[in-house]
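>>> Show me the folded form of this:
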Amino acid sequence: MNIAILSGSHRPDSQSARVARYLQQQLSPMASAWIYELANNPLPLWDQGVWSGSEPWPTLWGPVAEKLRASDALIVVAPEWAGMVPPGVKNFLLLCGNAELGHKPGLIVGISSGISGTWPVAELRLSGTKNNHLCWVPDHLILRGVGALLQGPTPEGEIDAQVRARIDYSLGLLVEYAKALAAVRASGKVDHKTYAFGQ
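Below you'll find the model as predicted:
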């Protein structure tokens with residue numbers, strides 16, 4: 001089992017990256033997980049060169065796409081910036097096609113330094129998966145006041161403990177969705193050649 005984690009902040013040393021590392025650690029008994037950080041790996045804005053394979057896409061996107069194709073699920077850690085998902089997250093999802101994410105489960109982890117964090121969840125559920133056929137799982141995580149959460153090996157208070165328990169539950173469920181959707185992809189019923197794009 002191989003799970004990709006997108007740290008969706010463009011900022012260096014971000015809370016998103018810290019949360020992504022925590023998720024990777026919690027997944028270790030169940031799956032192998034790798035992290036792609038937008039902060040240290042900026043991608044150009046999508047253009048049709050992705051389809052034709054013209055530079056710089058084979059160099060910049062090719063290795064990422066290869067790792068995504070070998071992954072069974074995707075976790076997107078998305079901070080809320082002015083009520084929106086950072087533009088790099090949407091660009092990342094535009095670059096992904098059926099080969100990378102088609103009929104694989106995705107878990108949304110919305111984070112906020114304050115009391116919000118719901119808007120990234122709503123935005124990602126609304127758009128970003130039409131043409132790559134990523135399947136968001138029904139549950140999601142919202143980490144409010146993220147700076148006070150997941151700071152050490154043990155919980156610091158009741159809320160931190162509740163968040164950690166919910167994370168473990170969601171990650172375990174994601175692994176089960178990954179197993180189930182692997183059967184869908186292997187069923188012979190998926191026809192990306194005829195139906196490459198969502199309606």
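>>> Lowest average confidence across helices and strands of the chain, where is it?
Ranked by mean pLDDT, DSSP states H and E, the weakest helix or strand in the chain is helix 49-52, scoring a mean of 89.
>>> ok, the closest residue to residue 133 other than its chain neighbours - how many residues close by?
The spatial neighbour of residue 133 that comes closest, neighbours along the chain excluded (Cβ to Cβ, 6 or more residues apart in numbering), is residue 102 at 4.2 Å. Backbone N, C-alpha and C define where each C-beta goes, glycine included. By other Cβ atoms under 10 Å, 21 other residues sit near residue 102.
>>> continuing past the least confident helix or strand of the chain, what's the next helix or strand?
helix 57-60 (DSSP states H and E).
>>> if we look at the helix or strand just after that next one, which residues are touching it?
Toward the C-terminal end, the helix or strand that comes next after helix 57-60 (DSSP H and E) is helix 62-69. By Cβ atoms under 8 Å, 6 or more residues apart in numbering, the residues outside helix 62-69 that reach it are 4, 34, 36, 41, 43, 74, 95, 96, 99, 100, 101.
>>> sorry, back to before: isn't the residue nearest to residue 133 right up against residue 131?
No. Using Cβ atoms under 8 Å, residue 102 makes no contact with residue 131, being 9.6 Å away.
>>> that older thread, in the contacts of helix 62-69, find the pair that's most separated.
Across the contacts of helix 62-69, the longest distance by Cβ to Cβ is 19.8 Å; it joins 41 and 99.
>>> longest helix anywhere in this protein?
Assignment by DSSP state H gives helix 158-185 as the longest helix of the chain.
>>> three-state assignment of the residue positioned nearest the centre of the chain?
Closest to where the C-alpha atoms of the chain average out (Cα atoms, centre = their mean) is residue 76, at 2.3 Å. Per DSSP: H, G, I helix; E, B strand; the rest coil, the secondary structure class of residue 76 is strand.
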